[in-house]
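Q: Show me how the following folds:
(chains A and B)
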Amino acid sequence: MKKLWNFFTSTRLAVVLTLLIAADVLTGTILLSSSPKALGAIDLEIFFYWLFGTGLNNLAASWWIFLLLALLVLFALNTIVCTVDSISLMLKPRQGAARAKPRRILSQAIHLGFIIGLLGHLVSSTTGFRTMDNRIFEGDSIPVPQSSEFSLQLNKMDVAFANNGNMLRMDAYVSLVRDEKIIRDKVVRLNEPLLYQGNAIYVTHHGNAPKSMNFKLSGKNIQETIKIKFQERSATSNSGYTLKLGELLPDFARDNKGKVSSASKQFRNPAMEIMIYKGEKLLVSGWVLLKHPGMSPLTFDGLKLVFSELAYGQYAVLTINKDPGILIVLTGALIFILSLIGLLFIKGEGMELVRRQT
Amino acid sequence: MTEVFLWLAITFYGAGFISHVLGRNGSRRTMQRVSTYLLILALIFHTIVLVLRMMETGHAPIARRFETLLFFSWSIAILNTILLFRYKLRTTDTLTIPVIFLALLLAAFSDSGVYPLPLALKTWWFEIHVVTSFFAYALFTLAAAAGTIYLFKEKNGSSAELGIYQNITYRSILWGFTFFSGSMLLGAIWGYLAWGSYWLWESKSAASLLLWFYYVGVLHTRMVKGWRGKTVSVMAIIGFGLVMFTYLGVSIFLKSSHGM
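A: Residues are numbered from 1 along each chain as shown, chains lettered A, B, ... in the order given. Down below sits the predicted model:
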């Protein structure tokens, strides 16, 4: 046991391990660039989920990460044992033992900062969540992932471009809502996320896209407009009919037997399947051609349903993350750097770049 | 106008270096003095280039390769000036001025067009992240220069003289490592605020991690008996190679989403 302890107190071991880590990461630097298919999604998931899923299935590209983990474990052990050893020596009041000089204390504080940072990174790599591509239209709201008591509402998108086409701003005016009460309003823009109780909300893209399909229902003294949001997939009219969206075909075609299919994957003639229900009972279904509003009305119960338009809307694409380790990482890093700066200030060489000749 | 001052800076650094080499044995004091004046003038022109560039682009000159080459070389020149005026040391100039000269020459042949800054880079987190990292690179360059001179003088130099170069190497690495760690922390905060992650697995970030661990190793090497002088000097020189790999190699030869 003592041999093992002595092995881990070795500064030579620290040097060897750091150089091995550096060599391993050098290989990783090249692999990260040359294996985008295997390693490209690494930042999209919580690290350990990726590592033991996609990473294990792509060992040719990811082996260096497993080696890095093993080396980091050894280096962390080396750091902890060295720190414990040094602190216990500092605390022993016997003659000849290392005294608690500022330099020694700061060196151990640097070690401590590193270990805290590493622990924080472990928490970040195993817990929390990352969700990307949360598309939300102006006026709509979406639930916050894994925090079902919260929902996020996009009040307005404000995007501006310079004459040369460069983006000047991409501001998403959002509200965080809990129990139908707004608890936080914020203009989310690049470098300025909405941070709340560990959740972080970022705006990454924006755009203008079809938001809903509008229909006109007429007959039997009924005249009403029904709007079906793509996000919700269904809507119920005032007269009690429920319209549901079915399959979307990019290039609608019907053969001579009446069989419907898509002639290609190109959006040449997109068509949406519509189903009309009264209660649970399906009354009729059919296809509407999205590029040809007004065509192919559906009739049922003496009523006529006509597709009138595709309504477009501004949307924001949001990334919603939760990283419970971030504060621990930052605390460790701050302790590390402040101790390093302290080491530069201490008596003797002080802030000097070179020891001054006396 | 920027180009004129850039070429003036290159010319004066070149002339300053030649006069420094000609007067380095100490017997030609006038030549050394001329070299000092030429290098100070070169630094003034160099600073003017940076200021003009800032006025042209409206941001710190650190966003494109042309600008970072200007800033990297300027950081080394500032360190040289500190060494000259505070410590009366000029020997490391023999190696650092060629680095400045080559960086400026590379800048002169790089794309110097003015392009708008992407939205994500319009934050002072980005600016101080890059500025601290380039000061770190400059300090690591100085460490490599001192390490090289140590190796050259190892056999014939006095122990006091060798001690000075060991000291420059170690202190520059300690300073550089502090700046580099600060730069990584600032980059992590910026990454978290901009993209939702304080760490991204991409080539440039990985190369920075490699550099960080490498210098952790170098700083610990100094504590091992028998590894202090020569070993640390050799490691400082290899470190400069890794700095160049991280700074230019990754951007030129590998794919990275990090930019400069």
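
Q: surely A:T9 meets A:C82?
A: Yes: if you go by Cβ atoms under 8 Å, A:T9 and A:C82 touch, sitting 5.5 Å apart. To be clear about C-beta, it is placed using only N, CA and C from the backbone, and glycine gets the same treatment.

Q: buried sites along the helix ranked longest in chain B?
A: In chain B, assigned by DSSP state H, the helix with the most residues is helix B:159-195. Residues of helix B:159-195 classed as buried: B:162, B:164-195 (neighbour count, 16 or more other Cβ atoms under 10 Å in any protein chain shown).

Q: swap in stretch A:175-192?
A: Of the residues in stretch A:175-192, those buried by neighbour count under the rule 16+ other Cβ under 10 Å are A:175-177, A:184, A:186, A:188-191.

Q: I'd like to know the average pLDDT value across it.
A: Confidence over stretch A:175-192 (mean pLDDT, whole number) is 93.

Q: Give me the residues contacting it.
A: Stretch A:175-192 is touched from outside by A:141, A:144, A:149-153, A:155, A:169-174, A:194, A:196, A:201-203, A:318, B:119-120, B:122-123, B:125, B:190, B:193-194, with contacts defined as Cβ atoms under 8 Å, 6 or more residues apart in numbering or on different chains.

Q: repeat that for 7 Å
A: Residues from elsewhere that reach stretch A:175-192, judged by Cβ atoms under 7 Å, 6 or more residues apart in numbering or on different chains: A:141, A:149-153, A:155, A:169-174, A:194, A:196, A:201-203, B:119-120, B:123, B:193-194.

Q: How far does that stretch stretch from one end to the other?
A: 14 Å (Cα to Cα, to the nearest Å).

Q: Run a quick neighbour tally on B:A143.
A: 32 (other Cβ atoms under 10 Å in any protein chain shown).

Q: quick one on the thing from earlier: tell me which other helices or strands the longest helix of chain B touches.
A: For helix B:159-195, the elements it packs on are helix A:326-345, helix B:124-153, helix B:203-221, helix B:229-244, judged by 3 or more Cβ pairs under 7 Å, 6 or more residues apart in numbering or on different chains; DSSP states H and E.

Q: quick one: that helix to chain centroid distance?
A: Mean C-alpha position of helix B:159-195 versus that of the full chain (Cα atoms, centre = their mean, to the nearest Å) differs by 11 Å.

Q: sec struct for A:S239, please.
A: coil (DSSP: H, G, I helix; E, B strand; the rest coil).

Q: coming back round to it: give me the buried entries from the contacts of stretch A:175-192.
A: Using 16+ other Cβ under 10 Å as the burial test, those include A:141, A:150-153, A:170-174, A:194, A:196, A:201-203, B:119, B:123, B:193-194 as buried.

Q: any idea where the strands of the stretch 1-150 of chain A begin and end?
A: Secondary structure of the stretch 1-150 of chain A (DSSP state E, counting those that start in this stretch): strands at A:129-137, A:141-143, A:150-161.

Q: Neighbouring strands - and their directions - for the longest one?
A: Using DSSP bridges, strand A:150-161 pairs in its sheet with strand A:141-143 (antiparallel), strand A:167-178 (antiparallel).

Q: and of those strands, who's closest to A:L305?
A: For those, proximity to A:L305 was assessed by Cβ to Cβ; strand A:141-143 is nearest, at 27.9 Å.

Q: Residues touching that closest one, excluding its own?
A: A:134, A:136, A:151-153, A:177.

Q: pLDDT value on the single nearest residue of the stretch 101-250 of chain B relative to chain A, please?
A: Distances between the stretch 101-250 of chain B and chain A by Cβ to the nearest Cβ are smallest at B:G217, namely 3.3 Å. According to the prediction, B:G217 has pLDDT 94.

Q: Residues contacting stretch B:97-111, please?
A: B:6-7, B:9-10, B:13-14, B:16-17, B:20, B:65-66, B:69-70, B:72-73, B:76-77, B:141.

Q: Out of those residues, list just those in strands.
A: Per DSSP state E, strands hold no members of these.

Q: Just the buried residues of those residues.
A: B:6, B:9-10, B:13-14, B:16-17, B:20, B:65-66, B:69-70, B:72-73, B:76-77, B:141.

Q: how about the residues of chain A that lie near chain B?
A: When proximity is defined by Cβ under 7 Å from any Cβ of the partner chain, chain A lies next to chain B at A:11-12, A:14-15, A:18-19, A:21-22, A:25-26, A:28-30, A:32-33, A:39, A:42-43, A:166-167, A:170, A:190-191, A:193, A:200, A:202, A:319, A:321, A:326, A:329, A:333, A:336-337, A:340-341, A:344, A:349, A:353-355.

Q: any idea what sits nearest the residue nearest the centre of chain B, other than its immediate chain neighbours?
A: Compute the mean C-alpha point of chain B, and by Cα atoms, centre = their mean the closest residue is B:A138, 2.1 Å away. Once flanking residues are discounted, B:A138 sits nearest to B:S75: 3.6 Å by Cβ to Cβ, 6 or more residues apart in numbering or on different chains.

Q: Contacts only, for A:S212.
A: A:227-230, A:311.

Q: Pull out the buried residues from the helix or strand bottoming out on mean pLDDT in chain B.
A: The helix or strand of chain B with the poorest confidence is helix B:250-253; it has a mean of 86 (mean pLDDT, DSSP states H and E). For helix B:250-253, the buried set under the neighbour-count rule, 16+ other Cβ under 10 Å, comprises B:250-251.

Q: Return the distance of it from the chain's centre.
A: Put simply, helix B:250-253 sits 18 Å off its chain's centre (Cα atoms, centre = their mean).

Q: do stretch A:139-152 as well
A: Computed by Cα atoms, centre = their mean, the chain-centroid distance of stretch A:139-152 equals 15 Å.

Q: First-to-last residue distance for it?
A: Start-to-end, stretch A:139-152 (Cα to Cα) is 10 Å.

Q: avg pLDDT for it?
A: 88.

Q: Also stretch A:286-295?
A: Here the average pLDDT along stretch A:286-295 is 88.

Q: With stretch A:214-225 instead?
A: Averaging pLDDT along stretch A:214-225 yields 85.

Q: how long is that stretch from one end to the other?
A: End-to-end for stretch A:214-225, by Cα to Cα: 7 Å.

Q: in that stretch, what counts as buried?
A: Here stretch A:214-225 shows A:215-217 as buried, counting by 16+ other Cβ under 10 Å.
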